[in-house]
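Engineer: coords below, sequence missing:
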């Protein structure tokens with residue numbers, strides 16, 4: 001899924017990975033705090049594997065219900081690169097992208113679920129949902 005990301009001019013003040021619940025908690029200097037499921041972050045990866053190299057090349061990500069994050073690598077002072085338990089390592093999540101994913105979580109998640117259904121994929125329910 002290709003997302004349009006606008007600058008938020010926000011900086012993270014804290015990033016916590018809760019490995020048991022597979023939640024990445026991120027707080028920003030404007031007071032916003034988001035709890036982002038690892039599955040959600042994985043399906044919205046900004047990597048070329050998912051978004052392609054241009055419009056129309058997006059690849060719907062599915063079967064990521066049980067994915068977790070095993071490591072978080074800092075990328076300069078502008079992003080992180082999570083290492084996902086399914087081997088995915090190429091997504092660079094800027095602060096602006098993480099803020100967008102947090103602030104638009106409900107809409108983006110519902111849209112993703114609708115895309116899965118339209119494509120004929122059934123999402124596996126897990127205990128943490």
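Structural biologist: Cool, got the structure. No experiment lies behind these values; they were computed from the predicted model shown. Numbering: from 1, shown residues only.
Engineer: Spatially central residue for the chain, please.
Structural biologist: Centroid check for the chain by CA atoms, centre = their mean gives residue 41 as the closest residue, at 1.8 Å.
Engineer: In a strand, that one, correct?
Structural biologist: No. According to DSSP: H, G, I helix; E, B strand; the rest coil, residue 41 belongs to no strand; its state is helix.
Engineer: List the contacts of it.
Structural biologist: By CB atoms under 8 Å, 6 or more residues apart in numbering, the contact set of residue 41 is 24, 69, 82, 91, 93, 101. (C-beta placed from N, C-alpha, C; glycine too.)
Engineer: Against residue 38, how distant is the last one?
Structural biologist: When CB to CB, to the nearest Å is the yardstick, residue 101 and residue 38 sit 12 Å from each other.
Engineer: and if you look at the second one?
Structural biologist: Distance from residue 69 to residue 38, counting by CB to CB: 5 Å.
Engineer: and if you look at the fifth one?
Structural biologist: Taken as CB to CB, the spacing of residue 93 relative to residue 38 amounts to 12 Å.
Engineer: Which of the two has more residues huddled nearby?
Structural biologist: Remark: of residue 93 and residue 38, residue 38 carries more neighbours, 26 against 23, as counted by other CB atoms under 10 Å.
Engineer: Buried residues in the lowest-mean-pLDDT helix or strand in the chain, which are they?
Structural biologist: Across the helices and strands of the chain, mean pLDDT, DSSP states H and E gives its lowest value to helix 48-51, namely a mean of 78. Buried residues in helix 48-51, defined by neighbour count with 16 or more other CB atoms under 10 Å: 50-51.
Engineer: Against which helices or strands is it packed?
Structural biologist: Helix 48-51 sits against no helix or strand, with contacts defined as 3 or more CB pairs under 8 Å, 6 or more residues apart in numbering; DSSP states H and E.
Engineer: what separates it from the chain centre, distance-wise?
Structural biologist: 13 Å (CA atoms, centre = their mean, to the nearest Å).
Engineer: rewinding a little: please convert the contacts of residue 41 to TSV, extending it with pLDDT.
Structural biologist: What follows is the contacts of residue 41, written out as TSV (pLDDT from 0 to 100):
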residue	pLDDT
24	98
69	98
82	97
91	92
93	97
101	97
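Engineer: That'll do, ta.
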